[in-house]
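Q: No letters, just coordinates:
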């Protein structure tokens, strides 16, 4: 079989792992596209970056993002320009 169609190559933007999955395969459900907006992009009105992550890196990202959200919320609640 020389050529097959209907496959996608998925590569993790963090750990660089990659795999080929057939279109519509349940294997593709363990890969995640996320949007990330850093402070420079936010200040400049730029669109967020889109990244593809494998399941392990996505779980790590969720923990990282949750911690970042908590820090931001704490900063926001501190008010009057005072950092905590």
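A: Yep, it's here. A quick note: this is a predicted structure, and the numbers were derived from the prediction, not measured.
Q: Could you tell me which other helices and strands the helix or strand encompassing residue 68 packs against?
A: Assigned by DSSP states H and E, residue 68 belongs to helix 55-78. Where contact means 3 or more CB pairs under 8 Å, 6 or more residues apart in numbering; DSSP states H and E, helix 55-78 is packed against strand 31-36. No exception for glycine: its C-beta is placed from N, CA and C like everyone else's.
Q: Distance from the chain centre to the strand it packs on, please.
A: Relative to its chain's centre, strand 31-36 lies at 3 Å (CA atoms, centre = their mean, to the nearest Å).
Q: now for it, which elements pack on it?
A: Checking 3+ CB pairs under 8 Å, 6+ apart, strand 31-36 ends up next to strand 49-54, helix 55-78.
Q: got the buried residues for it?
A: 31, 32, 34 (16 or more other CB atoms under 10 Å).
Q: can you tell me which residues contact the last one?
A: Residue 34 is in contact with 50, 51, 53, 58, 61, counting by CB atoms under 8 Å, 6 or more residues apart in numbering.
Q: middle-most residue in the protein, spatially?
A: In the chain, the residue lying closest to the centroid (CA atoms, centre = their mean) is residue 34, at 3.3 Å.
Q: didn't residue 47 look like it was pressed against residue 36?
A: No. Using CB atoms under 8 Å, residue 47 makes no contact with residue 36, being 10.7 Å away.
Q: got a list of what residue 40 touches?
A: The neighbours of residue 40, taking CB under 8 Å, 6+ apart as the test, are residue 46.
Q: Look up how far residue 73 lies from it.
A: Remark: distance between residue 40 and residue 73 (CB to CB, to the nearest Å) = 21 Å.
Q: Whichever of the contacts of residue 34 end up buried, select them in ChimeraX.
A: Typed into ChimeraX, the line below selects the buried ones among the contacts of residue 34, using 16+ other CB under 10 Å:
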select :51,53,58,61
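Q: my guess is residue 7 contacts residue 22, does it?
A: Yes. Counting by CB under 8 Å, residue 22 is a contact partner of residue 7 at 5.5 Å.
Q: ok so, going back, what sits opposite the residue nearest to the centre of the chain in the beta ladder?
A: Following DSSP bridges, residue 34 is listed with bridge partners residue 51.
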